[in-house]
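My questions are about this predicted structure, shown below with the sequence.
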Amino acid sequence: AQKITQTQPGMFVQEKEAVTLDCTYDTSDQSYGLFWYKQPSSGEMIFLIYQGSYDEQNATEGRYSLNFQKARKSANLVISASQLGDSAMYFCAMREGGNQFYFGTGTSLTVIP
Amino acid sequence: DGGITQSPKYLFRKEGQNVTLSCEQNLNHDAMYWYRQDPGQGLRLIYYSQIVNDFQKGDIAEGYSVSREKKESFPLTVTSAQKNPTAFYLCASSYTSGGDNEQFFGPGTRLTVL
């Protein structure tokens, strides 16, 4: 079974609007971490936001927030007030008790002027 | 400035040749990783190392080899046994303790087999 599932290969959003990128995960560990990365066309991977499995509050970092629903095993990324520079690939990742990270297949986000 | 460097940025190889991709970090991270990314795809783990002189195979280790003689360095060799090596290769590192420690990535190496 896939550890991380991103079901949206591509998404479009109007500039200044909010967008939600979906991510579901599969683990039997009690302690794990969830991460979102942005990959622009240059190829670099940019860390955006982290959510720990024991965190009560949803993580927020500027315009990024993580909608963490533990019972549903989902960790959706919400980008508010989209900007043209947000156009990129977005990857959801999970780290379990060890040191291995698992990545989803990514969602390509295009921001429309 | 701390970070991860990968060299070269672009690499061309003839079929049948081995080639080594460099990865160096000065973040004092114990764990280092190599990923392969094909166009429009996610990241697939090739090898990872949690400590010097030790490393583990990832999901697609066949045709690749690594070494970890120093904490700062984790070179990846793409051997002639790798049937389809043209891809984008990303190196990453992280602390080993603490689930909230994200991976830091290098800028990547684009390998093209001619």
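Nice, I can see it.

Point me to the helix or strand that includes residue A:51.
Here residue A:51 is covered by strand A:46-52, with elements defined by DSSP states H and E.

Quick one: name the residues of chain A near chain B.
Contacts of chain A with chain B, taken as C-beta under 8 Å from any C-beta of the partner chain, map to A:31-33, A:35, A:37, A:42-45, A:47, A:50, A:52-53, A:91, A:93, A:95, A:97, A:99-101, A:103-106. Yep, even glycine has a C-beta here, placed from its N, CA and C like the rest.

Filter those residues down to the buried ones.
A:32-33, A:35, A:37, A:43, A:45, A:50, A:52-53, A:91, A:93, A:95, A:99-101, A:103-106 (16 or more other C-beta atoms under 10 Å in any protein chain shown).

Take those and keep only those in strands.
A:33, A:35, A:37, A:50, A:52, A:91, A:93, A:95, A:101, A:103 (DSSP state E).

The fifth one touches residue A:29, doesn't it?
No. Taking C-beta atoms under 8 Å as the definition, residue A:52 is not a contact partner of residue A:29, at 11.9 Å.

Now do stretch A:103-113: distance to the chain's middle.
Centroid separation for stretch A:103-113 versus its chain: 10 Å, with C-alpha atoms, centre = their mean, to the nearest Å.

Ok, stretch A:62-71 next?
Computed by C-alpha atoms, centre = their mean, the separation of stretch A:62-71 from the middle of its chain amounts to 8 Å.

Having no further points to raise, I will conclude here.
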